[in-house]
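>>> Fold the following.
(2 chains)
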Protein chains: 2
Amino acid sequence: MEKLRFGILGAARIAPGALVHPSRSIDSVVITRVAARDRSRAEAFAAEHGIEKVAADYEAVINADDVDVVYNPLPMSHHAEWSIRAMRAGKDVLCEKPFASNATEAQEMVEVAEQTGRTLGEAFHYWYHPLFQRVLEEVRSGRIGQLVHVEGHFDISIAKPDLRWEYATSGGSTMDLGCYPIHWARSIAGEEPTVTGGDVEEDPEKIDAALGVELSFPGGATGYIHSAMNEPSRKVLLVVEGTHGRVVADNLVAPHKGNTLTIETPTGSTSGTVEAGTTYHHMLRAFVDHLRLGSPYPTMGEDSINNMAVIDAAYDAVGLPRRGLPA
Amino acid sequence: MEKLRFGILGAARIAPGALVHPSRSIDSVVITRVAARDRSRAEAFAAEHGIEKVAADYEAVINADDVDVVYNPLPMSHHAEWSIRAMRAGKDVLCEKPFASNATEAQEMVEVAEQTGRTLGEAFHYWYHPLFQRVLEEVRSGRIGQLVHVEGHFDISIAKPDLRWEYATSGGSTMDLGCYPIHWARSIAGEEPTVTGGDVEEDPEKIDAALGVELSFPGGATGYIHSAMNEPSRKVLLVVEGTHGRVVADNLVAPHKGNTLTIETPTGSTSGTVEAGTTYHHMLRAFVDHLRLGSPYPTMGEDSINNMAVIDAAYDAVGLPRRGLPA
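Predicted coordinates:
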């Protein structure tokens, strides 16, 4: 079977867990190229992870004849530029979250995908794990009744310095972390919210060290999303309240390190772990199956634009500039 | 959260993997009782697996006030009797596969479930694992076209002596092993087959050391099922042929020990492992969720009767007596 050949832009910290390790369990994937800001970094990465070749720079990856798909884990400010360049070079792209600096960039990226006929997926890995699929299934079953409120938290501590603490690289807690609970809420509601209020800890200037936003969905449900980069006590929690019960999922983003799914309905409650490997494993198979077989890969296109639109609206609501604007 | 309290009939070899270990990841399950043929065996099992109490005998388990659900991993010849007794004692039952000695017994068991209002599930664990769910999803998507042929093999070597080599305990390769590929084929076709031919290695008398049967489905697809207890080279393989492609799954019954899912469609092919823990973990959560929440648990009721009917027909086709008849 001919393998799908992936090239990696940047020896990013996330790349081994998100792509290299999962690729080992998928026979139809091989990583052929990696480039980094400096060649020695790329060489060390390639040697450590058994990647065939180092490319001179990002440009060389997107133009390589032995690359079919470009994985883009560059800083958030570079998602649009390099995803677009890769598509124009004829490559499909798996782009890390958040998809872009803002919805305008996201829109442009999706338009280029349509123009070039390339596939541009967003690496919202959590969605593809059986834990979140079980959440969706339970909510859609109606056993907790109608959706009333969805609350999502992603609070951690990110040490400085880090690109996520800088406006120039499109940093901020809502960008790096809040993008998840926003996506949980949108996926669960199955419709697009408006932002009705918000509260921010701005530190340093223009950066949301922590940000909470209130959401309102057309169907009547409400939402609350909170993210923080300055919270010593880790909290990755989804609570879905229905008219008749609720679903609570702990650790949707790294369920292989431990998770809990609790479901409460009028007839009874259950709670326990969903043991199903890493989110990245399931995402990569879904993406490859989408490319080769045409099976669904829902975290792309309009979905990606709409997620960025909520992030934009969150910044608007608290009086911070959207990301990706001239400094 | 009030826990569902399980009692185990027999210190069976399968019980730790199928129930005890999975119960540890499901907070809403506790195993309160175990009984075995002799008390010292039950005590050793309880001590090894941290089970609260030993019951004097099977009768004491099904009558215990601190048992809500009875897990029945007794020899196949005892599935009907003890599942029925447990339901009449007011307990829900998770019964090991194959469900019964034959379809007549299965029918009676399901009738008792209806009469008593109890839940009687069959422990077809493989069905609940993401590997098989992905197989089903791919077949149902139509990407491999219309179903043409489904072939399932479960060949291993079972050392003698073993209850599965004895007619008195409803042994035979089709009972212990063939029940799986028969269930794969029925689940994939989504309809009930007729048996159109078969071939058996009878050894000893009345026992199918190996048995192959040809199936015909109302929609036009055909099937071939093979099981063997005398095959040194292990083979656990499902091949689904469609008009436009195929799906091949290796090791549906123990995917946590390694598996491969290969999908071939007109647009391309993919292959790789589906990493998602044990089948038993997913089955137990599904069964508990079914009991408490009413979520689907499809391997029960008519499905169980119909699977036994194909096993009966397989024995008929090769001139061996159905299981469970007077010796």
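>>> Can you tell me how far residue A:96 is from residue A:50?
Going from residue A:96 to residue A:50 by CB to CB, to the nearest Å gives 22 Å. (Each C-beta comes from the backbone N, C-alpha and C, glycine too.)
>>> Ignore what I typed, I meant residue A:128.
In this view, residue A:128 and residue A:50 are 24 Å apart by CB to CB.
>>> for residue A:258, same thing?
Noted for residue A:258: a distance of 29 Å to residue A:50, by CB to CB.
>>> ditto for residue A:19
For residue A:19, the distance to residue A:50 - CB to CB - is 13 Å.
>>> same thing with residue A:40?
Applying CB to CB to residue A:40 and residue A:50 gives a distance of 18 Å.
>>> just residue A:73 next, same as before
Taking CB to CB, one finds residue A:73 at 18 Å from residue A:50.
>>> More neighbours: which of these two?
Between residue A:73 and residue A:50, counted using other CB atoms under 10 Å in any protein chain shown, the more crowded position is residue A:73 (21 against 11).
>>> Could you report the pLDDT at that one?
Residue A:73 carries a pLDDT score of 97 in this model.
>>> OK, contacts around it?
A:8-10, A:12, A:14-15, A:18-19, A:96, A:123 (CB atoms under 8 Å, 6 or more residues apart in numbering or on different chains).
>>> Let me know the pLDDT of the spatially closest residue to residue A:256 that is not a sequence neighbour.
Counting by CB to CB, 6 or more residues apart in numbering or on different chains, residue A:256 lies nearest to residue A:278, which is 4.6 Å off, once chain neighbours are set aside. We have a pLDDT of 98 for residue A:278.
>>> Sketch out the low-pLDDT regions of the stretch 101-250 of chain A for me.
Within the stretch 101-250 of chain A, no range satisfies pLDDT under 70.
>>> in it, which spans are strands?
Ranges of strands within the stretch 101-250 of chain A are A:120-122, A:147-157, A:194-202, A:208-216, A:222-228, A:230-242, A:246-250, based on DSSP state E, counting those that start in this stretch.
>>> To chain B, which of these lies closest?
strand A:246-250 (10.2 Å; CB to the nearest CB).
>>> what's the spacing between the residue lying farthest from the centre of chain A and chain B?
The C-alpha centroid of chain A is most remote from residue A:267, which lies 34.7 Å away (CA atoms, centre = their mean). Per CB to the nearest CB, to the nearest Å, residue A:267 is found 6 Å from chain B.
>>> right, and that residue touches residue B:294 too?
Yes. Counting by CB atoms under 8 Å, residue A:267 does reach residue B:294; the two are 5.7 Å apart.
>>> OK, contacts around the residue of the stretch 1-150 of chain A found nearest chain B?
Of all residues in the stretch 1-150 of chain A, residue A:26 sits closest to chain B, at 3.4 Å by CB to the nearest CB. Taking CB under 8 Å, 6+ apart, we find residue A:26 in contact with A:284-285, A:288, B:270-273.
>>> and those as TSV, adding distance to residue A:173, neighbour count and secondary structure?
Output for the contacts of residue A:26, formatted as TSV (distance: CB to CB, whole Å; neighbours: other CB atoms under 10 Å in any protein chain shown; DSSP: H, G, I helix; E, B strand; the rest coil):
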residue	distance to residue A:173	neighbour count	secondary structure
A:284	27	27	helix
A:285	30	26	helix
A:288	31	26	helix
B:270	36	24	strand
B:271	39	20	strand
B:272	35	23	strand
B:273	35	21	coil
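>>> Closest to residue A:46 out of the residues you listed?
Relative to residue A:46, the closest of the contacts of residue A:26 is residue A:284; by CB to CB it sits at 19.0 Å.
>>> which residues touch that closest one?
By CB under 8 Å, 6+ apart, the contact set of residue A:284 is A:19, A:22-23, A:26, A:29.
>>> Report the two of the residues you listed separated the most.
A:19 and A:26 (10.3 Å).
>>> In this structure residue A:22 contacts residue A:287, no?
No. The criterion here is CB under 8 Å, and residue A:22 misses it with residue A:287 at 9.9 Å.
>>> can you map out the helices along chain A?
Assigned helices in chain A, in chain order: A:15, A:21-23, A:39-49, A:58-63, A:79-88, A:103-116, A:130-141, A:173, A:179-189, A:279-293, A:302-318 (criterion: DSSP state H).
>>> Quick one: name the residues of chain A near chain B.
Contacts of chain A with chain B, taken as CB under 8 Å from any CB of the partner chain, map to A:1, A:25-29, A:130, A:137-138, A:141, A:143, A:260, A:262-263, A:265, A:267-278, A:281-282, A:285, A:288-289, A:291-295.
>>> switch to 6 Å and redo it
Within chain A, the positions near chain B by CB under 6 Å from any CB of the partner chain are A:1, A:25-28, A:130, A:143, A:263, A:265, A:267-273, A:275-277, A:281, A:288-289, A:292-294.
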